[in-house]
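# I'd like to go over a predicted model; first the sequence, then the structure.
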Amino acid sequence: MKNDTETGRRGNAEQNTSPRPPVSASRRPALLTGPVLVYAFTIVFFLFFFALPIWETLGGAFRNPGGGFTLDYLIEVFRNPIYLEGLWNSVQMAVWSTLLTSAIALPLALLTDRYLFPGKSIFSALILIPMILPPFVGAIGVKQILGQEGALNAFLETIFLVDPNHPIDWLGQSRLFGVVVMNALHLYPILYLNLVAALANVDPAMEEAAENLGCTGFRKFRKITLPLIMPGFFAGGIIVFIWAFTELGVPLMFDFSRVTSVQIFSGIKDIGGNPFPFALVAVMLISTVLLYGLSKATLGRASHAMMAKATSQGGPRPTSVLGGWAITAFFAFITFVAVLPHLGVVLVAFSRDWYGTILPDGWTLDHFRQALGHDLTLPSIQNSLKYASLATLIDIVLGIAIAYVVTRTKLPGRQILDTLAMLPLAVPGLVLAFGYLAMTQEGKLFAFMNPTIDPLMILVIAYSVRRLPYVVRSAAAGFQQTSVTLEEAAQNLGCTPFRALRKITLPLIAANLMAGGLLAFSFAMLEVSDSLILAQKQQDFPITKAIYELYNLLGDGRFIASALGVWAMIFLGICILGASLILGKKLGAIFRV
Amino acid sequence: MTGRIVGVLIALVVVLAFPFLLKPKENLLASADDTLVIISPHNEAIRYEFSRAFGEHYKAKTGRTVRIDWRIVGGTSEIAKYLDGEYYNSFMRTWTSSGQPWTDEVSAAYKNATTDSPVRQAFLASDAGIGIDLFFGGGAYDFIAQARAGTLVDSGLVTKHPEWFTETSIPPSVSGEQFYDPKGRWIGTCLSAFGICYNSDSLHRLGVEILPSSWSDLTNPKFSHQVALADPTKSGSIAKAFEMVIQQQMQQVVGDGEATEAALAEGWARGLQLLMKASANSRYFSDAAGKVPMDVSLGDAAIGMCIDFYGRFQSEAVKIGDAPSRLQYFTPLGGSSVGVDPIGLLRGAPNREVAIAFMEFVLSEEGQKLWNFKVGTPGGPTRYALRRLPVRKELYAPQFAAYRSDPETLPYEEAKSFTYHDKWTGSLFSALRFIMRVSCIDSHQEQASAWQALIKANFPPEATAAFSDISAIDYTTAANVIRPALKGSTPLAEVQLAARLGEHFRAQYRRAEQLAKEGK
C-alpha cells in the first residue's frame, strides 16, 4: 500500500516538473507504470511462491524415469476409469454444492437487503458462524450429531421415528448427497457476504425506474436486480464452486473416496511413492482453470457499474408481523442447521461422555483447563495471531492491487492475472506445503526462509497465497460495481490516480475489503496443511497444529481438542462480530456500504 | 462508538486472558545447556513424559539441563518422505562441494543398498546430516527401510550394553519379527501388535451373539457397512498386519504338515478371500491410527482393526464406573505377530552424545517404566499413562505388576502362538499392498454393493463364487507376474497394471451383483 502511494506521489512529482502538459497525457505514465509494476510484482510473486513450490512437488508428474519430459501420466488419468469417475464426481460435487449454496444464500441475502424482521441484526451476524469451524474437531462435532449413536438418531428414537436397533447411518449412506448438503451449509456465508455487499451497492433508483415502467416482482429481480448483482454473485459463487470441487475434509467425513481430492490425498500418502497422484493434481489444476474460464465467460462478463446511490425511499422496509416472523423462522432454521457441527463441538468440549443420547451425559470444565493450560496452547495462539494478521495484510495490499489492475486497466493479459489469483483455491494444501518445504532447503534459493530455523516468513507467505483469492474476488466485485467515473471526476479536480483510488473508491468498497479480509484472516487462523507440514518446532506451532496435537492424545484427546477449538471459535466470533459492531450501526452492517 | 470499541476490546482481552492465566508453570520449551533434536510420530503424551523424565535424568547425571526439540512433520509416511528429501539435499551439498557433478546416476546410487558404487560408499562414509539427531517411533518397517538407505547409523549401544540384548531382555527376534538391527542402527523400544476392537452395544444391536475372537469375524455379513479397517497402502505396519492375516490362514492349512507350494497357495487364497469379505463389510480404509478405535467406541462402526495400545487406551477412556467398557479390544490368538517401535541415530547427528544418552535412557529400566506404568507410581509417568508395552522383558516381572496399567497383557506370551515365516510372503510384501489396492480399495464401491446383493440373496452359489474369485491374484500370479511387474516397472506401467486389474475386479463384482440379483 505504502509503495503504491509513494509511486503515485512520485508520478505526481514528475508531472509537476514537466511544463504543464495536457491533463490526460500527464496521467498516463503513473497509470501505466503503477499497474505494470503491480502486474510484474504479482507475476514474480506467483512464480516464486506458487509456481515454484508446485513444480517442486509436481515435477515428477511430467518426468519419465529417464528424466525427460512426458505427458504420459497426464494422459493416463483420462484413460483410467476410476480417476475419470472421481473427476466426474468432483464436478458433480461442485455443481450441486454451488446450486444448493445459491438456493440458501440468495433468498437470505435478498430478505436481509429488503426487509426488516425480528432479530435481523442478530441473525445477519450469526450467519457468519458456520465459516469458523476449526479443523479436526469439526469432524468430531459432525460425528457426534450424525453418527449411528449420535444425537440426531437419539432424538428420532425418542420420538419413535427410528427403531433403536436400526439407527440410520447418516454418514455412511448419504455420500454425494451428504457431501453436497454439508458443503452448502458450510459455504453459504461466503456467497451470502458477497451477495449482501452486491445488493447494497445496487442503486435503488434502477429498481424504482423498472417499477415505474411496470416491471415488478420476479421479472424485476431477473431483469434488473440479478444482472446488477452478478459481479457479487460470481465472486462468491466461483469461490464456492472451486472450494467444493477441491474439498477434501467433507468427502473424507462421509467416507466418499471416489472423488479426485480424496484420490490425490490418498495417493500422496501412499508409501509406494508413485508420482501419479501429482498428475491428478495437475489435472485438477487444469480443470479448475477451464471451469473458472468457462464460468467467467458465461456469468462473470456482464457487469454494470453504478454511480453512487441516489437518495431514495429504498432500503429495508418493515413487513407484516406474520411475514416478519416467517423470515425470522427461515433464518433461524438455516442458522441452526448450519451450526449443528459447532454445537456438537461446544457440547463435546463441556461433556464427560456423550454416546447414544441427545445431550451429553455429564458436564465438566476440566477439558478447558487442560486445553488452555497446555504447554503448546499459549505460544500457538500468539503464533497464529502473528502469522494470520501478517498474511491478511499482504492479501489486502496485493488483493487491491490485483483487482485494480484487472478491473480498472486495459493492460493486455490482465485476465491471466485474474485467473492466477484464483488458482491457489485449486491446489491441494499438501502439495503447496510440500513444495514450500522443498524450496526452502539448504542450498536452495529460499534457504533463508527454512522453516526449521524460523517458519514465520514462509508460513505468512503460504497463508497469504492460499487466502488471496477471497480478497481479490471481494475487491474486484467492489471495483466492478463502483463506477470509474467517480475516480475520473476526482482526477479532473487534480487528484492523482492513486489519491483518487485511496480517497474515493477504497472507502466506497471498504465493505467488500472488510469481508474479504475477514475471510482471509479467519481461514488463515484455521489453516491446516501448511501449518502441519511447515511448523515443525513446538515453539512455532500455530493453533491448528496445537489442536491437532491435542486431538491425537489418546482417550481424552477429542474433548481437549474440542475445548481449544471452542476457544478458537469464540475468539474468531468476537473478531467478526466485534468488527461489525465497531464499523456498523448495527450487527452485521459491515457488509453494507 | 467508543463504548462499543471498549466493549469489544474487553471481550477480546478476556478471551485472550484465559490461556495466560492457565499457563503451565514449568516451560518445557525453554532453552537449556544442551539440545537434542528428535523427529517422531509419537503423540504429545509420549513426548511430554520422555522430555520430562529425560530432563531430570540428564540433570542428575551431568548437572546440565537439556531441551528436546521435537520435530513433528506428521505420521510415519510423512517422516519417511521428509528424511528422503532432506538427505537428498544434504548429500547433494556434500557431493558437489567436493567439486563433483550431481547427475541422475549419482542421485539414484547414493541410497541404493544393492550397489557398492563409489557414490554409495561416499555416502556411507560421509557425515551428511540434516540437523536432526534421532528418529524415534513408527514401525520397524520404516526403520529397516531407513537403515537400508543408509540414513541411520550405529549408535554403539548394542556393543556397549550386551546385557540388554539377550533372550531375557531384548531378544533379537520374536515370532519372526526383528527386534533390533544386529548392526545397531535401530533398536526396538516398545511393542505393538494389531488386533480387533468392537463395540458391545453395536454387537447387541446387530444381533451378533457370539463375541468375536478371530480375524474371520470381520467377515460376518451382519457387520455389513459396520467394519472399520486400516489402510495397508498408507503404512508399513498396517500392511504387515494384513500379511499376518494371510500367514495365519497359511499356517492353518499347513498345520503340522509340510509347507508345500499347494498348501501355501490355498492359505494365500483363503487369506485374500477373508480380506475381501472384510473389505466388503468395511466403511473405509483409514490411515489415521486413532480413527478406528474412536469410531468404534462412538458406535459409528461396530468392529474394526486397530493397534493394540490404541484399543486398550480407548477402551479404558470410555469406561464408566465398574461396568465393563463398551469398547473391547483383543489380539486374535495366533493371528498377529508382535512388532517393535524402534529408535535410531541419524547420520550426521549434530548432538550425537546427548542423542546416545537419550537412547540409553529410553532402553534403561528407568526409561522403560514410562511406557506402561500408571501415573504417579514410582518411576512412572507424572501426567499421562502411555499404555504402551515396554520391549525389555524385565518389566514384565511380577514385582512390577501392581504398577503397570495393563498387568494382564503379556505380549511375549501371546507372541508364542504365532510365528512369522518370512519365506512364505516376505517377498510379496509390496505385491500384497498392490493386490489389496486393486481388489479392495480402488474397487470398494462395487465390492460393497455386490456384497450387499449377496447378503440379500442369501449367498447363491454362482454369485458367491464369482465374488470370491481370486484367480487374477493367486499365489503363483502374485509371485510370478505381479511381483516382477512391480519390481522392474516404471510408475506408468504400475498404474496401468493397477487400472487393468482394478477394472477386472470392478467387472467381477458387478457380475457377482448381477448374478446375486438373479438368485444364481
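Looks like it came in fine. Numbering: from 1, shown residues only, chains lettered A, B, ... in the order given.

# with adjacent residues omitted, what lies nearest to residue A:431?
residue A:57 (4.9 Å; CB to CB, 6 or more residues apart in numbering or on different chains). Just so you know, the C-beta spots here come from the backbone N, C-alpha and C atoms, and that holds for glycine as well.

# contacts for the one helix or strand the one you found maps to next, please.
Following DSSP states H and E, one finds residue A:57 within helix A:52-58. The contact list for helix A:52-58, computed with CB atoms under 8 Å, 6 or more residues apart in numbering or on different chains, reads A:278, A:281-282, A:285, A:427, A:431-432, A:434-436, A:438-439.

# before we move on, back to that, quick one: neighbours of the residue nearest to residue A:431, just the number.
Neighbour count of residue A:57, defined by other CB atoms under 10 Å in any protein chain shown: 25.

# and for residue B:438?
Residues near residue B:438, counting by other CB under 10 Å, number 23.

# if I look at residue B:294, how far off is residue A:49?
37 Å (CB to CB, to the nearest Å).

# show me the contacts for residue B:148.
Contacts of residue B:148 (CB under 8 Å, 6+ apart): residue B:113.

# any idea of the pLDDT on it?
Looking at residue B:148, its pLDDT is 93.

# so which strand or helix has it?
Going by DSSP H and E, residue B:148 is in helix B:140-149.

# next one: that helix to chain centre, how far?
13 Å (CA atoms, centre = their mean, to the nearest Å).

# helix or strand next in line after that helix, which one?
Using DSSP H and E, the next helix or strand after helix B:140-149 towards the C-terminus is strand B:152-153.

# next, the buried residues of stretch B:276-294.
By neighbour count with 16 or more other CB atoms under 10 Å in any protein chain shown, stretch B:276-294 contains the buried residues B:276-287, B:289-294.

# residues touching the spatially most central residue of chain A, list them.
Residue closest to the average C-alpha location in chain A (CA atoms, centre = their mean): residue A:470, at 5.2 Å. By CB under 8 Å, 6+ apart, the contact set of residue A:470 is A:190, A:239, A:395, A:399, A:516, A:519-520, A:523.

# who's in contact with the helix or strand of chain B at the bottom of the mean pLDDT ranking?
None of the helices or strands of chain B scores lower by mean pLDDT, DSSP states H and E than helix B:104-109, at a mean of 81. The contact list for helix B:104-109 (CB under 8 Å, 6+ apart) reads A:67, B:88, B:92, B:95, B:100, B:115, B:117, B:119-120.

# reformat these as JSON lines; add neighbour count.
Formatted as JSON lines, the contacts of helix B:104-109 follow (neighbours: other CB atoms under 10 Å in any protein chain shown):
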{"residue": "A:67", "neighbour count": "11"}
{"residue": "B:88", "neighbour count": "17"}
{"residue": "B:92", "neighbour count": "18"}
{"residue": "B:95", "neighbour count": "21"}
{"residue": "B:100", "neighbour count": "13"}
{"residue": "B:115", "neighbour count": "12"}
{"residue": "B:117", "neighbour count": "14"}
{"residue": "B:119", "neighbour count": "21"}
{"residue": "B:120", "neighbour count": "18"}
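
# interface residues of the stretch 101-250 of chain A facing chain B?
Residues of the stretch 101-250 of chain A found near chain B (CB under 8 Å from any CB of the partner chain) are A:143-144, A:147-150, A:164-165, A:167, A:169, A:171-173.
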